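Asker: Fold the following and give me the result.
(one chain, ligands or ions: 1)
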Amino acid sequence: MRKKIVAGNWKMNLNLQEGVALATELKEALAAEKPNCDVIICTPFIHLATVAGVVEGTVIGLGAENCADKEKGAYTGEVSAAQVKSTGAQYVILGHSERRSYYGETVEILKEKVDLALANGLKVIFCIGEVLEEREANKQNEVVAAQLESLYHLTEEQLANVILAYEPVWAIGTGKTATAEQAQEIHAFIRGIIAGNFSEKAAEEISILYGGSCKPSNAKEIFSKPDVDGGLIGGAALKCADFKGIIDAWN
Ligand code: PGA
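Answerer: Here you go, the predicted structure:
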């Protein structure tokens, strides 16, 4: 049985105190009512060490939103995978479309990041997804296949520490979600690519999350599809009630 997951991506929101307050509220909500899925929050780097203390010993996993493509050294302002790991975080989001488009992260750069994250014992939430023009030209399948090239060199054992997140860029923060059918169609395609490049077993075991304007009102329908194993949540992860509402879609 593959894992069902709801992961939050706080992006560049919340100061440290606000982040600690949100993590604390979520911790209390989930202690009162045990979730029926894995729950992860991915926070800005500055929150990690403190939030790690808040969520320690709870069901909540913790991740960063990025890490450097270099191991260590003179890279002012960067944060390495080893540094992320040392905060107590267990996960890192890599390849988010905002990183790809605003910070020029390529398939090659992401390959380096994936390798460093895995080598340092982090699990990777690897994001893929097409922009609107690519969807309109019906090119989404080739786009995600090309983005997945950052992973093809991994062993199956390494791939077991990767979670995929399909996030159509036209749905991120826009209020416009893919339909459950659109999500299912491309998730099944992605699973097929994993089967072809790794094995049927690897494809069966990898969790593929949907991301893009996921909210309590649409999560249940999207998660009901056989190849959708949960969600990567941006805006709705910033309010405990909304995030909990999405977690409850698995009940
Ligand atoms: P959104 O963001 O839920 O605000 O659309 C999702 C994401 O970018 O991970």
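
Asker: Check the secondary structure at the residue in the chain sticking out farthest from the centre for me.
Answerer: The C-alpha centroid of the chain is most remote from Ala74, which lies 28.3 Å away (CA atoms, centre = their mean). Taken by DSSP: H, G, I helix; E, B strand; the rest coil, the conformation at Ala74 corresponds to coil.

Asker: How about Asp242?
Answerer: From three-state DSSP, the assignment for Asp242 is helix.

Asker: distance of it from Ala183?
Answerer: As defined by CB to CB, to the nearest Å, Asp242 lies at a distance of 19 Å from Ala183. C-beta coordinates here come from the backbone N, C-alpha and C atoms, glycine included.

Asker: Compare the two (neighbour count), which wins?
Answerer: Neighbours of Asp242 and Ala183, each counted by other CB atoms under 10 Å, are more numerous for Ala183; the result is 27 against 19.

Asker: Find the nearest non-adjacent residue to the more buried one, please.
Answerer: Closest residue to Ala183 apart from its sequence neighbours, by CB to CB, 6 or more residues apart in numbering: Tyr210 at 4.8 Å.

Asker: Assess the claim that that neighbour and His187 are in contact.
Answerer: Yes: between Tyr210 and His187 there is a contact under CB atoms under 8 Å: 7.2 Å.

Asker: quick one: contacts for Asn218?
Answerer: When contacts are counted by CB atoms under 8 Å, 6 or more residues apart in numbering, Asn218 touches Thr177.

Asker: which parts of the chain sit against the ligand?
Answerer: Within the chain, the positions near the ligand by CB under 6 Å from any ligand atom are 9, 167, 172-173, 211-214, 232-236.

Asker: Can you name the residues that contact the residue farthest from the centre of the chain?
Answerer: Counting by CB under 8 Å, 6+ apart, Ala74 makes contact with nothing.

Asker: tell me the contacts of the residue in the chain that the ligand sits nearest to?
Answerer: Nearest to the ligand in the chain, going by CB to the nearest ligand atom, is Gly234, at a distance of 2.2 Å. Contacts for Gly234 (CB under 8 Å, 6+ apart) come out as Gly8, Asn9, Lys11, Ile172, Gly173, Gly211.

Asker: taking those residues one by one, which sit in strands?
Answerer: Among the contacts of Gly234, the members found in strands (DSSP state E) are Gly8, Asn9, Gly211.

Asker: sorry, back to before: okay, and the beta partners of the residue nearest to Ala183?
Answerer: Beta-bridge partners of Tyr210, counted by DSSP bridges, are Tyr166, Gly231.

Asker: Looking at it now. What's its pLDDT?
Answerer: As predicted, Tyr210 sits at a pLDDT of 97.

Asker: where's Pro168 relative to Leu22, distance?
Answerer: 26 Å.

Asker: meant to ask about Pro44
Answerer: Taking CB to CB, one finds Pro44 at 12 Å from Leu22.

Asker: Give me the pLDDT for Gly173.
Answerer: Value for Gly173, per-residue pLDDT: 88.

Asker: Pull the number of nearby residues for it.
Answerer: Gly173, neighbours per other CB under 10 Å, totals 12.

Asker: Please apply the same query to the one 5 residues further on.
Answerer: Ala178 has 26 neighbouring residues, counting by other CB under 10 Å.
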